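Peer 1: Okay, here's the prediction I keep looking at, along with the sequence it came from:
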Amino acid sequence: ATASAKLADALRRQEFRERIGGLVERYRALEVQEAAARVELAARKLQRRQDLVAQARAMSEVLSRDQQDKIRQERLEARERELLGARDATELSRLKQEAADRILGEYQERVRKLEE
């Protein structure tokens, strides 16, 4: 009876070890999955930051170009005023306004004709 009891005890221990081993393997697999998820999350955060930095750089370049264009335009207008003189600048402004009024009138006439 003692041999069969020892054998039964040994089988129970072996079965217990296998169950524990299986649990340990599943736990390790979950740890690996968790670590992989953390790495993926960190990669996403890094990509998002890189995207934001790229957007900020692009916006900065656009603003810089806009500022440069504005400065150039102001310089051109100042030079134009210097060259034409105050009277000529007034005349130029009047001519521009007349042209704008003429274009607006033509546009309104087209709209009126289309509405008819």
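Peer 2: Nice, thanks for sending it over.
Peer 1: all strands of the protein, in order?
Peer 2: Using DSSP state E, no strands are found in the chain.
Peer 1: which residues of it fall in helices?
Peer 2: Along the chain, the segments classed as helices by DSSP state H run 2-115.
Peer 1: give me the low-pLDDT residue ranges for it?
Peer 2: Applying pLDDT under 70 to the chain flags residues 1, 83-89.
Peer 1: And residue 25, how far from residue 18?
Peer 2: 10 Å (Cβ to Cβ, to the nearest Å). C-beta here means a position set from N, CA and C on the backbone, and glycine is covered the same way.
Peer 1: ok, now residue 106?
Peer 2: Counting by Cβ to Cβ, the separation of residue 106 from residue 18 is 92 Å.
Peer 1: Could you do residue 45 as well?
Peer 2: Residue 45 is 41 Å from residue 18, where distance means Cβ to Cβ.
Peer 1: next one: residue 72
Peer 2: 80 Å.
Peer 1: Please apply the same query to residue 11.
Peer 2: 11 Å.
Peer 1: try residue 95
Peer 2: In terms of Cβ to Cβ, residue 95 sits 98 Å off from residue 18.
Peer 1: do the same with residue 62
Peer 2: For residue 62 relative to residue 18 (Cβ to Cβ), the value is 66 Å.
Peer 1: same check, this time on residue 79
Peer 2: Distance from residue 79 to residue 18, by Cβ to Cβ: 91 Å.
Peer 1: Residue 103: neighbour count?
Peer 2: When neighbours are counted by other Cβ atoms under 10 Å, residue 103 registers 10.
Peer 1: To clarify, my last question referred to residue 92.
Peer 2: With neighbours defined by other Cβ under 10 Å, the count for residue 92 comes to 13.
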